[in-house]
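# Have a look; sequence and predicted model below, questions after that.
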Amino acid sequence: GAVVSQHPSRVICKSGTSVKIECRSLDFQATTMFWYRQFPKKSLMLMATSNEGSKATYEQGVEKDKFLINHASLTLSTLTVTSAHPEDSSFYICSARDSGRVPRETQYFGPGTRLLVL
Amino acid sequence: QKEVEQDPGPLSVPEGAIVSLNCTYSNSAFQYFMWYRQYSRKGPELLMYTYSSGNKEDGRFTAQVDKSSKYISLFIRDSQPSDSATYLCAMNREVLTGGGNKLTFGTGTQLKVEL
């Protein structure tokens, strides 16, 4: 149980284009999902918290107009990187909190999406 | 001072060794403690969680929490080459209080278990 998927696993795009990443909880409902960014050999940096049916809460320094988050259902959240630039190249990882599981604080992570902007 | 400090490693041990991974924290509001394992180019995988001081054992893994010292550890017995990964500690406040949803991570310890 507690499986989270991400799609795509890897994407290469040209500078200026937009990229959408999907995060799905496959066997549980996730009222809250999180989006992280990770640079090589670094820890996870929380970008935003996504709550189903409401606006995402962004961490300080994260541009909400650049990283659009939509959490339209209890099993799907999307992150859209708009007008991507080479500095946006990174490993993006989502996680989901299973409110039906103890402890409720536990987050389950997706496999990550590697974005390369040329 | 960071809220969570973790020995960065890298840590290299021979197969079969006992591995000790540690984190310290400064915020006494943290109540839930987790260890994640992350293989290269993969998402973190939950290994263990604890919410009280003491030890919790699961197979070759033992998680230890000392809230009075604000110190947590993960022990791996009979380490195997397949244990080679980055180990991240993470902690959280009570969900019902402000900020309870966010996990605060350590920087991760890179472990290599050699044949």
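Nice, I can see it.

# For residue B:2, which non-adjacent residue is closest in space?
residue B:26 (7.8 Å; C-beta to C-beta, 6 or more residues apart in numbering or on different chains). For every residue, glycine as well, the C-beta is placed using N, CA and C.

# Enumerate the residues of chain A near chain B.
A:2, A:4, A:6, A:32, A:34, A:41-44, A:46, A:49, A:91, A:93, A:95, A:97, A:103-112, A:114 (C-beta under 8 Å from any C-beta of the partner chain).

# From these, which land in helices?
If you go by DSSP state H, those have nothing in helices.

# Okay, now the unreliable bits of chain B?
B:94-101 (pLDDT under 70).

# Show me which residues of it sit near chain A.
B:32, B:34, B:36, B:41-46, B:49, B:51, B:88, B:90, B:92, B:94-95, B:100-103, B:105-108, B:110.

# Filter these down to the buried ones.
Buried by 16 or more other C-beta atoms under 10 Å in any protein chain shown: B:32, B:34, B:36, B:42-44, B:46, B:49, B:51, B:88, B:90, B:92, B:94-95, B:101-103, B:105-108, B:110, out of the residues of chain B next to chain A.

# Mind checking which of those are in strands?
B:32, B:34, B:36, B:46, B:49, B:88, B:90, B:92, B:105, B:110 (DSSP state E).

# List just the nearest of these to residue B:5.
The closest of those to residue B:5 turns out to be residue B:105 (C-beta to C-beta; 11.3 Å).

# Strands of chain A, start to end?
A:4-7, A:10-13, A:19-25, A:32-38, A:44-51, A:57-58, A:67-73, A:76-81, A:90-97, A:107-109, A:113-117.

# Give the full set of residues in contact with the residue lying closest to residue A:64 once chain neighbours are set aside.
In space, residue A:64 comes closest to residue A:58 once its chain neighbours are excluded; the distance is 4.8 Å by C-beta to C-beta, 6+ apart. Shown in contact with residue A:58 (C-beta atoms under 8 Å, 6 or more residues apart in numbering or on different chains): A:47-48, A:64, A:67.
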